[in-house]
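> Have a look; sequence and predicted model below, questions after that.
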Amino acid sequence: MKKKICLVILFFIILIIPNTIFAFETNLTPNEVESGKEFELILNMDENIYLCNGHLLYDKSLFEFVSCETSNIEIEEISDSDIAWFYTELQNSPHGIQQIKFKFRAASVIEDTIGNFEIQDGIYIDTDENIYENLDFIHPVKIKLKKVVMLPATGGIGILIFIIIGLALMIIAVIIKKKEDKEKEK
């Protein structure tokens, strides 16, 4: 209910104050990924942008950065868990971009785990040269443990019982064979 009220209020604000609000969302980014699988973190802007930059922070123990799937974006790995990104359209085609895609691989985990992606120090310039600063956000992603088919356990007391029964049958077979050989000799 609160979500619907917030959406209605946001809709009216957008109608009242056109061209002064810039928004981006991560609705195309999965909220859950399977352990060990690749996925895309996708930033959707509500309008074309011609210049943007920011820092993408993530937990290096849970996610591995693979690549940036959007052309004309410069990427620099500042640290193990901080990617700085920069996009400009000053000399390229005059279309701008509305979407930025980062590809990551989820770590192999032993239990379901949640990690966050955080955009910090985001600055965006739209087609009307409006500047939007400090548009930070956090997007949580749950890494789900792979469904593994469990095989029955081997070893333990069960194998000892089979060994004893097998040895007993072999001893009985040897005894029976010797008795038959003695009877044939007579």
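Yep, it's here. Residues are numbered from 1 along each chain as shown.
> Check which residues of the longest helix along the chain are buried.
Of all the segments of type helix in the chain, defined by DSSP state H, the longest one is helix 157-185. For helix 157-185, the neighbour count (16 or more other CB atoms under 10 Å) marks no residue as buried. All C-beta spots, glycine's among them, are computed from the backbone N, C-alpha and C.
> what packs against it?
Contact here means 3 or more CB pairs under 8 Å, 6 or more residues apart in numbering; DSSP states H and E; on that basis helix 157-185 packs against no helix or strand.
> quick check: mean pLDDT across that helix?
Helix 157-185 shows a mean pLDDT of 87.
> List of residues touching stretch 133-151?
Residues from elsewhere that reach stretch 133-151 (CB atoms under 8 Å, 6 or more residues apart in numbering): 22, 24, 26, 29-36, 39, 41, 62-63, 106-107, 109-124.
> Can you say which of those residues are buried?
Buried members of the contacts of stretch 133-151, counted by 16+ other CB under 10 Å: 22, 24, 26, 29-30, 33-35, 39, 41, 62-63, 106-107, 109, 113, 115, 117-119, 122, 124.
> the domain parsing of the protein - what is it?
With domains defined by automatic domain parsing, the chain comprises 2-144, 153-186.
> Tell me where this structure has helices.
Applying DSSP H to the chain gives helices spanning 2-16, 157-185.
> roughly how far is the longest one from the heart of the chain?
Spelled out, it's helix 157-185. Computed by CA atoms, centre = their mean, to the nearest Å, the chain-centroid distance of helix 157-185 equals 58 Å.
> Could you do stretch 105-122 as well?
Here stretch 105-122 is found 7 Å from its chain centre; the criterion is CA atoms, centre = their mean.
> so where's the protein uncertain?
The chain contains residues with pLDDT under 70 at 1-25, 90-95, 147-155.
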